[in-house]
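*Asks:* need the 3D shape of this:
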Amino acid sequence: MGVCVSRKIQIDPTLVDEINNIIDSRIIRIPTNYIKEHDRIVSEMEKASPEHYEGLLFSEYPEKNSNEVHKLSLKYVTSEEVKKEISDETYKQIEPKLEEQIKDNNAVVQESTRQAAQKLIEQTVEESVDMISEKIKTDEKPRKQENK
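*Replies:* Residues are numbered from 1 along each chain as shown. From the prediction side, this is the model:
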């Protein structure tokens, strides 16, 4: 039977900073995307009128279904698909530097480091999206952009 040696995988701090910066640059777009999505949903509701769009009637907006429009807009801009897209884009951007840093390691360490970087990215995206989602949830109404 062999001996299992465990060591904590370390990702270079400058690479961690780069990961955080890439994620931050995407996360800061979510409030703007939320406003655009909110406006798009209201526009779709109006087009579908007198029928519903996603179960929402334009004739009931904003008096009765404003909260539902808010929730649906938020759902679309913070979906698992959006999180995966941010994670995948981030990994793709840092991958060349990560590969350069691990090229002299054995195959097991290389794969473990790749997995650790991917996990770090996914966790950071999840936490960041959740944080911005909570901030948007506390806003009562979307703010219109000045330049659409």
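*Asks:* alpha carbons only for contacts and neighbour counts from here, please
*Replies:* OK.
*Asks:* if you count neighbours, what's buried in the helix or strand encompassing residue 18?
*Replies:* Residue 18 is part of helix 13-27, with elements assigned from DSSP states H and E. Buried residues in helix 13-27, counted by 16 or more other Cα atoms under 10 Å: 15, 16, 19, 20, 22, 23, 26, 27.
*Asks:* got JSON lines for these, with pLDDT and distance to residue 125 too?
*Replies:* Below are the buried residues of helix 13-27 laid out as JSON lines (pLDDT from 0 to 100; distance: Cα to Cα, whole Å):
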{"residue": "15", "pLDDT": "96", "distance to residue 125": "15"}
{"residue": "16", "pLDDT": "96", "distance to residue 125": "13"}
{"residue": "19", "pLDDT": "98", "distance to residue 125": "10"}
{"residue": "20", "pLDDT": "98", "distance to residue 125": "9"}
{"residue": "22", "pLDDT": "98", "distance to residue 125": "10"}
{"residue": "23", "pLDDT": "98", "distance to residue 125": "7"}
{"residue": "26", "pLDDT": "97", "distance to residue 125": "9"}
{"residue": "27", "pLDDT": "97", "distance to residue 125": "8"}
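*Asks:* so which of these is the closest to residue 52?
*Replies:* Of all the buried residues of helix 13-27, residue 52 sits closest to residue 27, with 30.9 Å by Cα to Cα.
*Asks:* that older thread, which strands and helices sit next to the helix holding residue 18?
*Replies:* Secondary-structure packing of helix 13-27 (3 or more Cα pairs under 8 Å, 6 or more residues apart in numbering; DSSP states H and E): helix 80-102, helix 107-138.
*Asks:* next one: the first one to chain centre, how far?
*Replies:* Offset of helix 80-102 from its chain centre (Cα atoms, centre = their mean, to the nearest Å): 13 Å.
*Asks:* pull the CA atoms of that helix into PDB?
*Replies:* C-alpha atoms of helix 80-102 as PDB (Å, rounded to 0.1, in the frame of the first residue of the first chain):
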ATOM      1  CA  GLU A  80     -26.700  29.800 -12.700                       C
ATOM      2  CA  GLU A  81     -26.000  30.300 -16.400                       C
ATOM      3  CA  VAL A  82     -24.700  33.800 -15.800                       C
ATOM      4  CA  LYS A  83     -22.500  32.600 -12.900                       C
ATOM      5  CA  LYS A  84     -21.100  29.800 -15.100                       C
ATOM      6  CA  GLU A  85     -20.400  32.300 -17.900                       C
ATOM      7  CA  ILE A  86     -18.500  34.600 -15.500                       C
ATOM      8  CA  SER A  87     -16.600  31.600 -14.100                       C
ATOM      9  CA  ASP A  88     -15.700  30.200 -17.500                       C
ATOM     10  CA  GLU A  89     -14.600  33.600 -18.900                       C
ATOM     11  CA  THR A  90     -12.500  34.200 -15.800                       C
ATOM     12  CA  TYR A  91     -10.800  30.800 -16.000                       C
ATOM     13  CA  LYS A  92     -10.200  31.300 -19.700                       C
ATOM     14  CA  GLN A  93      -8.500  34.600 -19.100                       C
ATOM     15  CA  ILE A  94      -6.200  33.400 -16.300                       C
ATOM     16  CA  GLU A  95      -5.500  30.000 -17.800                       C
ATOM     17  CA  PRO A  96      -2.300  30.900 -19.700                       C
ATOM     18  CA  LYS A  97      -0.700  32.400 -16.600                       C
ATOM     19  CA  LEU A  98      -1.800  29.500 -14.500                       C
ATOM     20  CA  GLU A  99      -0.300  27.000 -17.000                       C
ATOM     21  CA  GLU A 100       2.900  29.000 -17.000                       C
ATOM     22  CA  GLN A 101       3.100  28.900 -13.200                       C
ATOM     23  CA  ILE A 102       2.500  25.100 -13.000                       C
END
